[in-house]
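Colleague: With the input below, show me the fold.
(2 chains)
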Amino acid sequence: VVGVPLWWKTTETYRAWLPVSQINELSNLQVCSCFLLLVICVYIIYLSLHTLSECPCGSLVVYVIPESSSLLPQDVDVYIGQRRTALLRIGGQIRVGKTLDLLLAHLEPRIKQVLQVMSFSHTDITAALSDRVRLSPGNKESIADSMRTFKSSPGYEITFSLLNPDPKSHRLHWDIEGAVQTYIQPLLTKLASVANFSIDSQTLYYAMLGVNPRFDSSLGAYTLSPDSLAHMINPVEARLGSNAASSNPVLNFLLYVPDAQHSPLHIHDSKKQEVPTNAFHSPRWGGIMVYNVDGFYGPEAVFPVDLNINMAKVMGVFLAQLRLLLGVQSPNAPSGFLVAPCSRTGLADWELDRLMWSRSVENVATATTTITSLAQLLDQIGNIVINDNIAEQVSSAVTSLQLAVAELEAGNLRFALQYSKEAILASERAFFDPSLLHLLYFPDDQKFAIYIPLFLPMCVPILLSLLKIVSDARQKRREKQAKKD
Amino acid sequence: MKILGLLSLLATHLSANSVNIEENAGQFFSSGHTNNWAVLVCTSRFWFNYRHVANTLSVYRSVKRLGIPDSHIVLMLADDMACNHRNPKPATVFSHKNMELNVYGDDVEVDYRGYEVTVENFLRVLTGRLPPSTPRSKRLLSDDRSNILIYLTGHGGNGFLKFQDSEEISNVELADAFQQMWQKRRYNELLFIIDTCQGASMYERFYSPNLMALASSQVGEDSLSHQPDLAIGVHLMDRYTFYLLEFLEDIHPASKSNMNDLFKVCPKSQCVSTPGHRTDLFLRDPGSALITDFFGSVRKVEITMETVNLTDPIEQVEQNFVNEDLQKESYSYVDQLPVSEIIHQKPKQKDWHPPDGFILGLWTLILLVFFKTYGMKHLKHIF
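Modeller: Residues are numbered from 1 along each chain as shown, chains lettered A, B, ... in the order given. Down below sits the predicted model:
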């Protein structure tokens, strides 16, 4: 009587309560409800422009201008600006006298076209959820995009490396600190709400390519074919090192200055055309640019030659690669559209909105699946101890998720992103808590093997005495019956 | 006129404008991974298990040669053979007799060594449940596009693998660990190779997708070792890994050999045991999976077509000057010996301490004996 409950209690594992029902609710949440309700203000302008008001995050302003307006060049119908604005030129068929509904009906497909470019669509969602939803190889471009982009993480580390394989010939100077401050930092400041970034830089000497470039006599230059590019990264990567303090993903940007014997070095694409940027990037790793310096000195120069690297050109390429790796795809504008060139920060406001939205969706989806799988795991394996802090993390993750989804539906992108980041942090902390290790795997036959030698010898006299009691009681009853009779 | 419109977006497919994506798309879809990791574990200690360490190191060497960097390899060796007292050639671990091939090399990086190789640490590495203080080199930082190679060797039995001669990992635990990895999408595809006795039992219980498994022997069979070296005195390699190493030495980073070739390594005539493999959980056809998908690290590359036009001149970083002033303080070494104090020493005044425990005990004993013999009435003689 005392033994069995005591044994049960002492072999129980401590399991704090988890909000399982809420977790199940979240996992059934349709992603469609995460669609942002986009607030679009459409201004129809006939005579003059109003002062352009600052558009809040998550909304777009479309200015509709008459056909005869001279704001846009002749062949351009739509202009997409840097700050969440677009100019749309009305076609000639509309006259002033028509009613509002007809006007809207005419404008709707044109506005939809603008939205396709500037805003988020079905493919963006599938790209954001690419680790859960594996696409059939039909939509190649979005798969390539999803493979290239780094997964959402609270922080990233960016390393700029200058590779000088020939210090005897070239003494290279690059003002990396100034260049980072001027060109890269504005972008990172703008992306501060998305993630933290830490930047460092290094110079590597005698770092060889690992592939032999072929000399093309018709061009008078050495060439690298696209097949050999894939083998360039590995020999260098071993020497790169990393700022190993955190577990954040590392983006490597390498600037390779070819040695004097192999200058100039050009990268060719598969059509044997020279690549204008002379750079390539690897998905989820970083980018490499080849910078030729042979034009800066003549054959009678005294080696080593002091050379200053044109950081504006280099950073332009690295910035473009950084944009791609972080998930800002270049807009696929149909003809007749004019997209404003990249501003100083390298990121348009509506591109930032798009990034924030896709990151929020990705974070919400990842956090939901993490918590759901954690709940399933803890359910299946009854031997794991669930501490209080894990239950706390799970509850806070669930609340953050609910808030994030609510904010997404309301259209507040910043708050949605913030809540989704909190949700991810809490859910990752709960899932990867070191105490959740189920080393207590006891297969059933081992359980029997442990308990039987203990209990069987004990049980034998107990059973026998029980039998004796039962037979005694039966005998007494029989005697009583006999006495009665 | 201002018109406020609330439009909610539904499905509109982007027209696939694949211009420069087309040629790269081919390479992407063959495997779907962007990086490679390897977890190589040797689970047995003691000098006579030299061959297990040599097994693991030979796979390590092949994997490094084919391109996976050390930062992406988690190498766990349960004992140190290269610097063992009984090693006649210190700092070497040979795989071929007559000391032909030193698989230890110059730049080996062991992440978990000696007693750190436990079942718990192995499972923690796989599932990612490491304490926050664990350094980056000891973590498996894979993501959903990582192909992972896991190689285990040691002594095993039907359904378990022995770690360090004192604990075991069972096939159910391993299968559960892989399922947790799948739940958290910590791998794209996983190749599991095990070289122990009855190795096929370890992959019987797998149930997560995208796993391919190879073992050196079936249930009920023993994996045998290859050859002893008379100078070193122990068996150098196991048969399966020996022939695997020979097969891998022919592979180079651009090689197109696929998994079907790997399944043919070490047939029964060479291995005495029957190697087994399991591919039912692997979604692709094994013939389309290249060896370098798991053993090497062939990167996908894309040509960068765009550039951002930057016209601003570089701002001079002004803070440099301020920092320089702050850093003008000079540094000097601390004296090794406080020489000035030693030379000009005055005799130190010793502080008075109450008597030590021994002295106290001695006096208590004397007093007790005194009072015992003479009685209490003589107390007045003292006070």
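Colleague: Can you give me the pLDDT of the closest residue in space to B:Lys256 that isn't next to it in sequence?
Modeller: With C-beta to C-beta, 6 or more residues apart in numbering or on different chains as the measure, B:Leu290 is the residue that lies nearest to B:Lys256, at 6.3 Å, once sequence neighbours are left out. All C-beta spots, glycine's among them, are computed from the backbone N, C-alpha and C. You'll see B:Leu290 listed with a pLDDT of 91.
Colleague: B:Leu290 and B:Asn258 touch, don't they?
Modeller: Yes - in this structure, B:Leu290 is within contact of B:Asn258 by C-beta atoms under 8 Å, at 5.6 Å.
Colleague: Run a quick neighbour tally on the residue nearest to B:Lys256.
Modeller: Other residues near B:Leu290 number 19, with proximity taken as other C-beta atoms under 10 Å in any protein chain shown.
Colleague: for B:Gly361, same thing?
Modeller: B:Gly361 has 11 nearby residues by other C-beta under 10 Å.
Colleague: With B:Ser133 instead?
Modeller: 5.
Colleague: Then it would be within a strand, right?
Modeller: No - with DSSP: H, G, I helix; E, B strand; the rest coil as the criterion, B:Ser133 is located in coil rather than a strand.
Colleague: contacting residues around stretch B:160-178?
Modeller: A:381, A:438-439, A:441, A:443, B:43-46, B:78, B:115, B:117-119, B:122-123, B:126-127, B:152, B:154-156, B:159, B:190, B:194, B:196, B:201-208, B:211 (C-beta atoms under 8 Å, 6 or more residues apart in numbering or on different chains).
Colleague: mind listing what's buried in it?
Modeller: Neighbour counts over stretch B:160-178 (16 or more other C-beta atoms under 10 Å in any protein chain shown) mark B:160-164, B:168-171, B:173-178 as buried.
Colleague: from those, which ones fall inside helices?
Modeller: Using DSSP state H, the subset of those located in helices is B:Asn171, B:Glu173, B:Leu174, B:Ala175, B:Asp176, B:Ala177, B:Phe178.
Colleague: Take these and lay them out in JSON lines including pLDDT.
Modeller: What follows is these, written out as JSON lines (pLDDT from 0 to 100):
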{"residue": "B:Asn171", "pLDDT": "90"}
{"residue": "B:Glu173", "pLDDT": "87"}
{"residue": "B:Leu174", "pLDDT": "92"}
{"residue": "B:Ala175", "pLDDT": "91"}
{"residue": "B:Asp176", "pLDDT": "87"}
{"residue": "B:Ala177", "pLDDT": "90"}
{"residue": "B:Phe178", "pLDDT": "92"}
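Colleague: quick one on the thing from earlier: who's in contact with the residue nearest to B:Lys256?
Modeller: Residues near B:Leu290 by C-beta under 8 Å, 6+ apart: B:Ser30, B:Ser31, B:Ser255, B:Lys256, B:Ser257, B:Asn258, B:Met259.
Colleague: Point me to the helix or strand that includes A:Tyr156.
Modeller: Using DSSP states H and E, A:Tyr156 falls within strand A:155-164.
Colleague: Convert the C-alpha atoms of whichever helix or strand comes after that strand to CSV, please.
Modeller: As assigned by DSSP H and E, the chain's next helix or strand after strand A:155-164 is strand A:170-173. Provided in CSV are the C-alpha atoms of strand A:170-173 (Å, rounded to 0.1, in the frame of the first residue of the first chain):
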residue,chain,number,x,y,z
HIS,A,170,52.0,44.3,-55.2
ARG,A,171,51.8,46.2,-52.0
LEU,A,172,48.1,46.8,-51.6
HIS,A,173,46.4,49.5,-49.6
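Colleague: quick one: strands adjacent to strand A:170-173?
Modeller: Looking at strand A:170-173 with DSSP bridges, its partner strands are strand A:305-308 (parallel).
Colleague: Let me see the ranges of the helices in the chain.
Modeller: Because you didn't say which chain, this covers chain A. A:3-10, A:20-27, A:100-118, A:122-128, A:140-148, A:176-179, A:185-190, A:226-229, A:233-240, A:311-326, A:349-380, A:388-410, A:413-431, A:444-484.
Colleague: Chain B is the one I meant
Modeller: Using DSSP H, helices in chain B cover B:22-31, B:50-65, B:119-127, B:171-183, B:239-249, B:259-263, B:268-271, B:319-326, B:339-343, B:357-374, B:379-382.
Colleague: And for A:Leu187, nearest residue in space, chain neighbours not counted?
Modeller: Per C-beta to C-beta, 6+ apart, closest to A:Leu187 is A:Gly346, 4.6 Å.
Colleague: Which residues are in contact with the residue in the stretch 201-350 of chain A positioned nearest to chain B?
Modeller: Here the stretch 201-350 of chain A gets closest to chain B at one residue, A:Asn234, 3.9 Å apart by C-beta to the nearest C-beta. For A:Asn234, the contacting residues are A:Gly210, B:Gly67, B:Pro69, B:Pro253, B:Ser297, B:Arg299, by C-beta under 8 Å, 6+ apart.
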